[in-house]
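Enquirer: Return a 3D structure for these sequence lines:
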Amino acid sequence: MHYAGIDLHKRSLTVCVIDSLTGETFDRRFNCSNVAAIRDFFSEIKPFEAVIEASASYEWLWLLLEPVANRLVLAHPKKLRIIAESMRKSDRHDAYFLAWLLSLDSIPEARRPSPRRREYQQLVRHRRFLVQERSSLRTKVRAILANRNLDAKGLFSTNGRQYLAGLELPAAERFCVDEYMTMLAGLEASLCRAEKALGDFRKQACAEERDNHAIVTSVPGVGAGTADIVLSSLGDVNRFPTVKKCTAYSGLIPGFRESDRTRRELKITKEGPRILRWALVQAAWRAVRLSKYWCAIFERLAARRGRKKAIVAIARRLLAVIYTLLKSGKHYVEAEPPRTHPAPANT
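Expert: Model prediction:
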């Protein structure tokens with residue numbers, strides 16, 4: 001058996017192969033554009049197992065090697081940080097280290113999303129990109145008008161656009177506003193197409209996926225868009241054995257430093273998908289406004305820790321609730337707001 005460690009970059013990859021029978025090693029370097037040479041090389045060393053780090057561009061190589069490999073392993077890059085911290089940092093050394101760990105069956109594995117989940121993530125992230133660009137352009141238009149004390153509510157409604165078209169502005173500012181509004185019209189059309197693509201994607205979902213979407217949207221503050229982000233980011237919740245593992249994946253849990261009897265709380269870890277944290281925090285603000293239960297918890301936490309830390313705690317608890325509901329297959333039922341104890345009277 002041959003064990004191949006692959007150090008993959010955008011334009012090139014380095015392969016180190018360990019022969020389990022003789023212990024000999026050899027390495028090769030390829031341009032990523034030379035797909036035929038890569039395929040021929042791995043066909044010649046069969047049977048083999050290979051390991052690839054979970055980088056941004058590993059999917060094409062995985063699909064290329066999957067038909068000929070006895071086993072492919074996706075390595076967790078953070079848990080292999082020892083490579084980046086090595087004094088002998090080089091592509092050949094990194095590839096050899098991966099092959100050596102694979103031969104010992106000691107690779108910390110990352111989970112590879114299914115093709116459907118990968119498509120789901122692409123659609124969701126594209127929609128978020130369009131929403132962010134739309135917000136950015138709206139902010140630029142408002143900034144120009146605010147400098148003239150002309151900003152108004154409902155600026156991007158039908159009446160607001162008529163108001164904007166009738167304003168007298170200097171030529172340069174009028175040109176910029178018109179350009180921004182033209183780009184806004186294009187973005188809104190793209191956003192409509194993205195929403196339609198997501199709607200079509202949901203129609204192709206199995207019964208379990210549709211049920212999960214309905215369960216997540218039953219939670220206060222969680223709409224269809226937020227549910228898409230949560231479900232595409234988490235995938236199958238059964239891969240998280242506990243609710244703590246799920247919230248840790250989101251990066252919403254605080255880190256800590258502990259030594260002997262001293263323990264110091266740190267900021268949240270911010271690991272995992274950034275889009276998931278953003279969606280949960282937005283959902284938390286909506287839940288606080290819409291639900292008496294979540295509002296009471298938020299006010300109690302805000303009194304002790306401040307509003308920013310309190311809303312992050314609410315986002316973490318919302319994710320814990322979503323995880324529990326998905327595991328049980330039940331819809332959200334609002335609980336009674338927690339009772340607050342009256343402050344003692346001054347004597």
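Enquirer: hey, let's count contacts and neighbours off CA atoms from now on
Expert: Noted.
Enquirer: Could I get the pLDDT score of the residue nearest to the spatial centre of the chain?
Expert: By CA atoms, centre = their mean, the chain has its centre lying nearest to residue 273, at 2.5 Å. pLDDT recorded at residue 273 is 91.
Enquirer: does it really touch residue 233, like I thought?
Expert: Yes: between residue 273 and residue 233 there is a contact under CA atoms under 8 Å: 7.0 Å.
Enquirer: where do the strands sit along the chain?
Expert: All strands of the chain, identified by DSSP state E, fall at 2-8, 12-19, 25-31, 48-53, 71-75, 254-259, 262-268.
Enquirer: Same list (those) but as JSON lines, adding mean pLDDT.
Expert: Putting the strands of the chain into JSON lines (pLDDT from 0 to 100) gives the following:
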{"stretch": "strand 2-8", "mean pLDDT": "94"}
{"stretch": "strand 12-19", "mean pLDDT": "94"}
{"stretch": "strand 25-31", "mean pLDDT": "93"}
{"stretch": "strand 48-53", "mean pLDDT": "94"}
{"stretch": "strand 71-75", "mean pLDDT": "94"}
{"stretch": "strand 254-259", "mean pLDDT": "78"}
{"stretch": "strand 262-268", "mean pLDDT": "79"}
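Enquirer: between those, which gets nearest to residue 201?
Expert: For those, the distance to residue 201 is smallest for strand 71-75, at 27.1 Å, taking CA to CA.
Enquirer: Name the residues of the closest one that are buried.
Expert: Within strand 71-75, the residues scored as buried using 16 or more other CA atoms under 10 Å are 72-75.
Enquirer: do stretch 179-186 as well
Expert: Along stretch 179-186, these residues count as buried under the neighbour rule (16+ other CA under 10 Å): 180-181, 184.
Enquirer: can you check stretch 257-277 too?
Expert: Buried residues in stretch 257-277 (16+ other CA under 10 Å): 268, 270, 272, 275-277.
Enquirer: before we move on, what about stretch 79-99?
Expert: Buried residues in stretch 79-99, defined by neighbour count with 16+ other CA under 10 Å: 80, 83, 91-99.
Enquirer: Could you do stretch 295-307 as well?
Expert: 295-302.
Enquirer: all helices of the stretch 51-200 of the chain, in order?
Expert: 59-65, 91-103, 115-147, 158-165, 171-203 (DSSP state H, counting those that start in this stretch).
Enquirer: Which other helices and strands does the fourth one contact?
Expert: Using 3 or more CA pairs under 8 Å, 6 or more residues apart in numbering; DSSP states H and E as the contact criterion, no secondary-structure element is in contact with helix 158-165.
Enquirer: Over that helix, what's the mean pLDDT, rounded is fine.
Expert: Computed over helix 158-165, the average pLDDT equals 92.
Enquirer: hmm, who's touching that helix?
Expert: 152-155 (CA atoms under 8 Å, 6 or more residues apart in numbering).
Enquirer: what do you get for stretch 74-85?
Expert: So stretch 74-85 is contacted by 51-55, 89, 94, 97, 107-112 (CA under 8 Å, 6+ apart).
Enquirer: still on that earlier bit, can you tell me how far the residue nearest to the centre of the chain sits from residue 248?
Expert: Separation of residue 273 from residue 248 (CA to CA, to the nearest Å) stands at 11 Å.
Enquirer: re the thing from before, quickly name whichever of the contacts of helix 158-165 is closest to residue 13.
Expert: Nearest member of the contacts of helix 158-165 to residue 13, counting by CA to CA, is residue 155, at 51.6 Å.
Enquirer: Near the closest residue to that closest one other than its chain neighbours, how many other residues are there?
Expert: Spatial nearest neighbour of residue 155, excluding adjacent residues (CA to CA, 6 or more residues apart in numbering): residue 161 at 6.2 Å. Counted with other CA atoms under 10 Å, residues neighbouring residue 161 total 13.
Enquirer: do the same with residue 122
Expert: When neighbours are defined as other CA under 10 Å, residue 122 has 13 of them.
Enquirer: ok, back up a step: which members of the buried residues of stretch 79-99 are the farthest-apart pair?
Expert: Distance extremes for the buried residues of stretch 79-99: the farthest pair is 80 and 92 at 15.5 Å, using CA to CA.
Enquirer: so what are the domain limits for the chain?
Expert: 2-103, 115-204, 210-328 (automatic domain parsing).
Enquirer: and the buried residues of strand 71-75 as a markdown table, adding distance to residue 41?
Expert: Below are the buried residues of strand 71-75 laid out as a markdown table (distance: CA to CA, whole Å):
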| residue | distance to residue 41 |
| --- | --- |
| 72 | 16 |
| 73 | 18 |
| 74 | 20 |
| 75 | 22 |
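Enquirer: ok, the residues you listed vs residue 328, which is closest?
Expert: Closest to residue 328 out of these is residue 74 (30.1 Å), distances taken as CA to CA.
Enquirer: Save the strands of the chain as TSV, and put in distance to residue 124 too.
Expert: Putting these into TSV (distance: least, CA to CA, whole Å) gives the following:
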stretch	distance to residue 124
strand 2-8	27
strand 12-19	30
strand 25-31	32
strand 48-53	24
strand 71-75	24
strand 254-259	27
strand 262-268	24
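Enquirer: Quick one: closest of those to residue 205.
Expert: Nearest of the strands of the chain to residue 205, taken as CA to CA: strand 71-75 at 26.7 Å.
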